[in-house]
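Undergrad: turn this into a structure:
(one chain, ligands or ions: 2)
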Amino acid sequence: MEVLWTVPLLLLIPLLMWTSSTFVFYFKKCFYVAYMMCLALLAIPLCVLKSGGRDVENMRIIRSLVRHVKYFLGLRFEVSGWEHLQTEGPYVIISNHQSSLDVLGLMEILPDRCTMIAKKELVYAGTVGLVCWLGGIVFINRKKTSDAKSVMTDAAKTMLDEQIRLWVFPEGTRNQRGDLLPFKKGAFHLAVQAQVPVIPIVFSSYSNFYLRKEKQFNSGNSSGLCSCFNVFLCVRRSSHAEVLSLLRRHQIEDPPKDRHEGDDVRRHHIPLRQILQRDALGLLEHLQLRNPEQRADAALNTNH
Ligand SMILES: CCCCCCCCCCCCCCC(=O)SCCNC(=O)CCNC(=O)[C@H](O)C(C)(C)COP(=O)(O)OP(=O)(O)OC[C@H]1O[C@@H](n2cnc3c(N)ncnc32)[C@H](O)[C@@H]1OP(=O)(O)O
Ligand SMILES: CCCCCCCC/C=C\CCCCCCCC(=O)OC[C@@H](O)COP(=O)(O)O
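TA: Ligands and ions are numbered 1, 2, ... in the order given. Model (predicted):
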């Protein structure tokens, strides 16, 4: 009797997939979350066996478990500027943040000994939360700036002591409007405090296959010529020196003690937010990348 009910239900799923794009959106999102939760369940014992607990080295396991997930969602990643990630020692990576799908691109190119800064709520996300903790993710309380600042100051020390790289989403939240939100300053403080380079990475826009508000998550195009969507990841040349000198000029560090009020530090004062936005414009132009034809241009712009 129960079998009789199951058959129409099973037929209903392909029917809805075929007729309703909203159903496809929720189906794919639910699949993504559920599948990541299952992978995390697998990752937990592997991480504990490998490192005995919380350790950035666990990111290698997480990375290798997550890399195939893109095939289920019809996504492929094309990367330009890999070589910039070969920089020795610790650095801070900054990138735009459109969706939780960013995790797939992130895992595609995640360098060794690299972990992330994330909102503290993520640690409560079941098995995924536990895996994030095991992978050494640094959790911050966005509602309490003073706490977040001190966690990030500790992270700057850890970066140097343990040769760790940190990936920060400086917009501080997801944004799919096709532009960048004003950057939070923590990533830049981190780089100044640890005196390490900043490496910007740009994810091209997801808007041709994924629109959160409109509940669209497409599967390839109908011609059958292309069954997947490409996301371009542009790793840009490190703007370390530039960022550090800008931040120094704008008093992100305490000015040296022998400086008096009114000398050059004050004369050069421009609001930091304005500077960060100006720096962000370089990233912004890469957000416009939507199709393969623009790829060659992008690679050229990135590598010069
Ligand atoms: C097998 C399956 C496994 C699956 C595993 C999946 C793993 C993948 C995980 C991926 C994780 C992705 C998570 C993404 C996120 O969670 S995004 C949200 C969290 N991220 C952020 O918020 C970005 C970092 N935030 C910051 O850097 C902020 O600056 C913050 C520190 C939080 C403070 O924010 P806020 O107060 O809102 O704004 P400001 O930036 O303007 O800062 C206020 C003033 O504080 C000064 N400041 C900031 N940081 C520092 C610092 N470190 N040291 C000293 N001072 C600091 C800043 O300059 C401002 O002061 P002034 O205005 O300059 O006087
Ligand atoms: C309180 C729960 C936190 C959400 C966790 C959902 C559970 C997800 C489970 C599997 C999905 C794969 C791993 C995804 C990790 C993505 C983290 C993420 O993208 O968090 C959003 C955060 O950057 C910004 O949050 P808001 O845009 O401010 O909101």
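Undergrad: in three-state terms, how would Ile44 be classified?
TA: Of the three states, Ile44 takes helix under DSSP: H, G, I helix; E, B strand; the rest coil.
Undergrad: from ligand 2, how far out is it?
TA: Relative to ligand 2, Ile44 is positioned 14 Å away (CB to the nearest ligand atom, to the nearest Å). C-beta here means a position set from N, CA and C on the backbone, and glycine is covered the same way.
Undergrad: what pLDDT does His84 get?
TA: Looking at His84, its pLDDT is 81.
Undergrad: actually, Met159.
TA: Looking at Met159, its pLDDT stands at 95.
Undergrad: mind checking the SS state of it?
TA: Secondary structure, three-state DSSP: Met159 is helix.
Undergrad: contacting residues around it?
TA: Counting by CB atoms under 8 Å, 6 or more residues apart in numbering, Met159 touches 90, 165-166, 190, 194, 196.
Undergrad: and Tyr35, by the same measure?
TA: Tyr35 is in contact with 69, 72, counting by CB under 8 Å, 6+ apart.
Undergrad: list the contacts for whatever residue of the stretch 151-300 of the chain ends up closest to ligand 1?
TA: Closest to ligand 1 within the stretch 151-300 of the chain is Gly186: 1.9 Å, counting by CB to the nearest ligand atom. Applying CB under 8 Å, 6+ apart, we find Gly186 in contact with 117, 140, 148-149, 152, 168, 170.
Undergrad: among these, name the ones in helices.
TA: Using DSSP state H, 148-149, 152 are the members of the contacts of Gly186 that sit in helices.
Undergrad: give the PyMOL command for selecting the buried subset of the residues you listed.
TA: Applying 16 or more other CB atoms under 10 Å to the ones in helices among the contacts of Gly186 leaves a buried subset, and the PyMOL line that selects it is:
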select buried, resi 148+152
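Undergrad: which bits of the protein sit near ligand 1?
TA: By CB under 6 Å from any ligand atom, the residues of the chain that approach ligand 1 are 36, 39-40, 43, 62, 65-66, 97, 103, 116-119, 122, 128, 131-132, 140, 142, 145, 148-149, 152-153, 168-170, 172-173, 184-187, 189-190, 272.
Undergrad: go with 5 Å
TA: Neighbours of ligand 1 within the chain, by CB under 5 Å from any ligand atom: 36, 39-40, 43, 65, 103, 116, 118-119, 128, 131, 145, 148-149, 152, 169, 172, 184-186, 189.
Undergrad: which of the residues you listed count as buried?
TA: For the residues of the chain next to ligand 1, buried by 16+ other CB under 10 Å: 36, 39-40, 43, 65, 103, 116, 118, 128, 131, 148, 152, 169, 172, 184-186, 189.
Undergrad: which of the residues you listed fall in strands?
TA: Among those, the members falling in strands (DSSP state E) are 116, 118.
Undergrad: which two among the contacts of Gly186 are spaced furthest apart?
TA: The most widely separated members of the contacts of Gly186, counting by CB to CB, are Lys149 and Pro170 (14.5 Å).
Undergrad: in the stretch 51-200 of the chain, which spans are strands?
TA: If DSSP state E, counting those that start in this stretch is used as the criterion, the strands of the stretch 51-200 of the chain fall at 75-80, 92-95, 114-119, 138-140, 165-168, 198-203.
Undergrad: name the residues of the first one that are buried.
TA: Of the residues in strand 75-80, 75, 77-80 count as buried by neighbour count, 16+ other CB under 10 Å.
Undergrad: can you name the two of those residues that are farthest apart?
TA: Greatest spacing in the buried residues of strand 75-80, by CB to CB: Leu75 and Ser80 (16.9 Å).
Undergrad: which residues are in contact with the nearest residue to Trp82 once chain neighbours are set aside?
TA: Leaving aside its chain neighbours, Trp82 sits nearest to Val235 (6.4 Å; criterion: CB to CB, 6 or more residues apart in numbering). Val235 makes contacts with 79-85, 109, 199-201, 302, as judged by CB under 8 Å, 6+ apart.
Undergrad: any stretches of this structure with poor pLDDT?
TA: Along the chain, segments meeting pLDDT under 70 span 1-2, 219-228, 234, 236-304.
Undergrad: how about the residues of it that lie near ligand 2?
TA: 33, 36, 100, 103, 121-122, 125, 128, 173-174.
Undergrad: please pick the buried ones from those residues.
TA: Among these, those that count as buried by neighbour count (16+ other CB under 10 Å) are 36, 100, 103, 125, 128.
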